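Colleague: Coordinates for the following, if possible.
(2 chains)
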Number of protein chains: 2
Amino acid sequence: MQALKERIAREGRNLGKGILKVDSFLNHQVDAPLMLDVGQEMARRFADRGVSKVLTAEISGIAPALTTALALGVPVIYARKAKPITMPAHVYCETAPSHTKGKMVELLVSPEFLGPTDRVLIVDDFLASGQTIQALARVVEQSGAKLVGIGAVIEKSFEGGRELLTPLGVPIESLVVITAMNDGQITMKDG
Amino acid sequence: MQALKERIAREGRNLGKGILKVDSFLNHQVDAPLMLDVGQEMARRFADRGVSKVLTAEISGIAPALTTALALGVPVIYARKAKPITMPAHVYCETAPSHTKGKMVELLVSPEFLGPTDRVLIVDDFLASGQTIQALARVVEQSGAKLVGIGAVIEKSFEGGRELLTPLGVPIESLVVITAMNDGQITMKDG
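Modeller: From the prediction side, this is the model:
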């Protein structure tokens, strides 16, 4: 996705240790029109998968997952990391290590909104180690729903996430693939 | 906003102590097309305010703030409650009590994205006690930006938020006003 690549090239900053600063348009300030394009491109790539729900993890997955859901005309669910008082006693719960928090985080989804008739597309801002998305896939499995695809806005291909998720047997799409982050550089895959 | 009122009437549940469960369409599962309508209505109400940025607080403010920003064609910023490693050392920081967490939470915004030339519309899912929105207004003030409006998807008028925020001197709009939550009922204002 060319507009996104150009934006990363212009505003993205490599802070070292694989940390990419893109908070001017993706995960603190959000460029709303760009995010709409991201959702439309994501929806185009999964148009033939019969998606009934988009699933993401709070916080920074919400924006691209919502615009993808908008383009597909389906609801989006964001897994909560802390249980709100509005959530029932029994919930689907999986854990994943948080890169930025340095600890395990829970991912909670209410069984009210995900069940055996659903066909689920997982969308997140980043595909890095793949562990958050893998935990979301386990939530889908717990619910009896069918996982039909995985979409990420930005993939860091050198962190092994795609290899971790490939055994799930569903299409994995990333709008931009970063192949290396060495010496302060950000190297993106062509095309 | 009639569609939203009908949705609250059909799916909203009064869990007692002023707690409204609307997580089937607003703050866990999100009805994406409804949220687009919410954003368009919000944008219509603030169309003459010259908004340059929409500001909200993570987590459940993100969806309606994003669709409002989409309709206005401006960026949205969500204040973070924990400081990501991508945020600079100096940030705007205010605190507000969290109704659901029972403790104070921080609201952090990077000075990179909010400054004296900005005209800011604050959008949140709920206007209840008004304390989160008041803290966001203090962030706007810290940044030197001008607050030009406050929009909430649902106002609980019996919790005093509007009275708290009125001294800010900007238009306050709510798409649905709940006037009472007694005996398991949800009473909404007409029109």
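
Colleague: ok, now which ones touch the residue most central in space within chain A?
Modeller: Closest residue to the average C-alpha location of chain A: A:D124 at 0.9 Å, with C-alpha atoms, centre = their mean. By C-beta atoms under 8 Å, 6 or more residues apart in numbering or on different chains, A:D124 lies in contact with A:56-57, A:61, A:64-65, A:132-133, A:136, A:151-153. C-beta here means a position set from N, CA and C on the backbone, and glycine is covered the same way.

Colleague: How about A:F158?
Modeller: A:18, A:178-181.

Colleague: That one and chain B, how far apart?
Modeller: Per C-beta to the nearest C-beta, to the nearest Å, A:F158 is found 18 Å from chain B.

Colleague: Then that residue would be within a helix, right?
Modeller: Yes: according to DSSP: H, G, I helix; E, B strand; the rest coil, A:F158 belongs to a helix.

Colleague: Thought B:N27 was touching A:S110, still the case?
Modeller: No: A:S110 is beyond contact range of B:N27, at 11.2 Å (criterion: C-beta atoms under 8 Å).

Colleague: Mind listing the residues bridging to the residue nearest to the centre of chain A?
Modeller: A:A152 (DSSP bridges).

Colleague: Need the pLDDT of it.
Modeller: We note a pLDDT of 98 for A:D124 in this prediction.

Colleague: do the same with A:I85
Modeller: So A:I85 comes in at 89 (pLDDT).

Colleague: repeat for A:V140
Modeller: At A:V140, the pLDDT value in this model is 98.

Colleague: for the helix or strand containing it, packing partners?
Modeller: In the assignment (DSSP states H and E), A:V140 maps to helix A:131-143. Applying 3 or more C-beta pairs under 8 Å, 6 or more residues apart in numbering or on different chains; DSSP states H and E, we find helix A:131-143 packed against strand A:53-57, strand A:92-98, strand A:103-109, strand A:119-127, strand A:146-156, helix A:161-165.

Colleague: Export stretch A:105-125 to PDB, keeping only CA atoms.
Modeller: Provided in PDB are the C-alpha atoms of stretch A:105-125 (Å, rounded to 0.1, in the frame of the first residue of the first chain):
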ATOM      1  CA  VAL A 105      -1.500  -9.200  29.300                       C
ATOM      2  CA  GLU A 106      -4.900 -10.800  29.200                       C
ATOM      3  CA  LEU A 107      -7.200 -10.700  26.200                       C
ATOM      4  CA  LEU A 108     -10.800 -11.000  27.200                       C
ATOM      5  CA  VAL A 109     -13.800 -11.400  24.900                       C
ATOM      6  CA  SER A 110     -17.400 -11.900  25.900                       C
ATOM      7  CA  PRO A 111     -19.100 -15.100  24.700                       C
ATOM      8  CA  GLU A 112     -22.100 -12.900  23.900                       C
ATOM      9  CA  PHE A 113     -20.500 -11.700  20.800                       C
ATOM     10  CA  LEU A 114     -18.500 -14.600  19.300                       C
ATOM     11  CA  GLY A 115     -19.800 -18.000  18.600                       C
ATOM     12  CA  PRO A 116     -19.800 -21.100  16.300                       C
ATOM     13  CA  THR A 117     -21.600 -19.300  13.400                       C
ATOM     14  CA  ASP A 118     -19.000 -16.600  13.100                       C
ATOM     15  CA  ARG A 119     -16.200 -16.300  10.500                       C
ATOM     16  CA  VAL A 120     -13.500 -14.100  12.000                       C
ATOM     17  CA  LEU A 121     -10.900 -11.900  10.500                       C
ATOM     18  CA  ILE A 122      -8.200 -10.800  13.000                       C
ATOM     19  CA  VAL A 123      -6.800  -7.300  12.300                       C
ATOM     20  CA  ASP A 124      -4.100  -5.600  14.300                       C
ATOM     21  CA  ASP A 125      -1.800  -2.700  13.800                       C
END
